[in-house]
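[1] I would like to see how this sequence folds:
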Amino acid sequence: SDGVLFSVILRDVTDQERAAATTALLASIVRSSDDAIIGTDRDGRILTWNPAAQGIYGYARHEIEGKPISDLVPEEGQEQLLEVMARVRQGRSVGHLETVGLRQDGQRFDVSLGVSPRREGSGAIAGASVIARDISERRNLERRLRQTEELAALAQLITGIAHDIGTPMNVILGYTDMLARSQTEEKNRERIRIIKEQVERVTRLIQTL
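    Residues are numbered from 1 along each chain as shown. Next comes the predicted model:
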């Protein structure tokens, strides 16, 4: 009987130690994560806030805990936030949602969110777990890449147009020379010379494209 009791106590202590170790490991991961990890209650009030969240959003933990998570979202994103929180209360997760976040100083930034239900031991939904990643730099790179691609396409289009225009311009120059040689009146020869100069000028501009 004493042996059974001892085994039960030993197993209970071991289970508690394992649970404590797991809790400590999870807490360490949350603290060291580069992503903001935020916990809320069912009403969307912020309960937990890791250092990365402060780095991304600007709020110290004591400044934001107890505040609504809507404080992290600009006005134009409030309706979307309500939809996300409604899904979470139904036990559904929302992953890789790319939207706009709001820093403490009022600056908007591109953010990727993963939102999932946070459950109690009984399985009831206690709130939401939010993982937020600042993707502003990636978005800026994507925008610059698109601009580069658009400029390259525009340059290719201009080069094609310049080539298409160059051929008829050379024909015009040839006929202008012929016309100039056939003229006997100095007045007409001067007019043709001006036309030729302007055509040559346009041709030079085309060749620089």
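[2] give me the contact list for stretch 119-136.
    Stretch 119-136 has contacts (Cβ atoms under 8 Å, 6 or more residues apart in numbering) with 34-42, 44, 47, 53, 56-57, 69, 72, 85, 88-89, 91, 98, 101, 109-118. C-beta coordinates here come from the backbone N, C-alpha and C atoms, glycine included.
[3] among these, which are located in strands?
    Within the contacts of stretch 119-136, residues falling in strands by DSSP state E are 36-41, 47, 98, 101, 109-118.
[4] for Leu113, name its beta-bridge partners.
    Beta bridges link Leu113 to Leu97, Ala132 when assigned by DSSP bridges.
[5] let me know the pLDDT of the residue sitting nearest the centre point of the chain.
    When Cα atoms, centre = their mean is applied to the chain, the residue found nearest the centroid is Arg139 (3.5 Å). Confidence at Arg139, expressed as pLDDT, is 75.
[6] low-confidence stretches in the chain?
    Low-confidence segments of the chain (pLDDT under 70): 1-33, 142, 154-155, 157-167, 169, 175, 183-184, 205-209.
[7] now do 90
    1-34, 94-96, 119-123, 136-209 (pLDDT under 90).
[8] all the strands of it, residue numbers only.
    36-41, 46-49, 94-102, 108-119, 125-134.
[9] quick one: work out the angle between the fourth one and strand 125-134.
    Relative orientation of strand 108-119 with respect to strand 125-134: 150 degrees, computed using axes from the mean of the first three to the mean of the last three Cα atoms, to 10 degrees.
[10] sort out which residues of strand 108-119 are buried, please.
    Neighbour-count burial for strand 108-119, with 16 or more other Cβ atoms under 10 Å as criterion, is recorded at 109-118.
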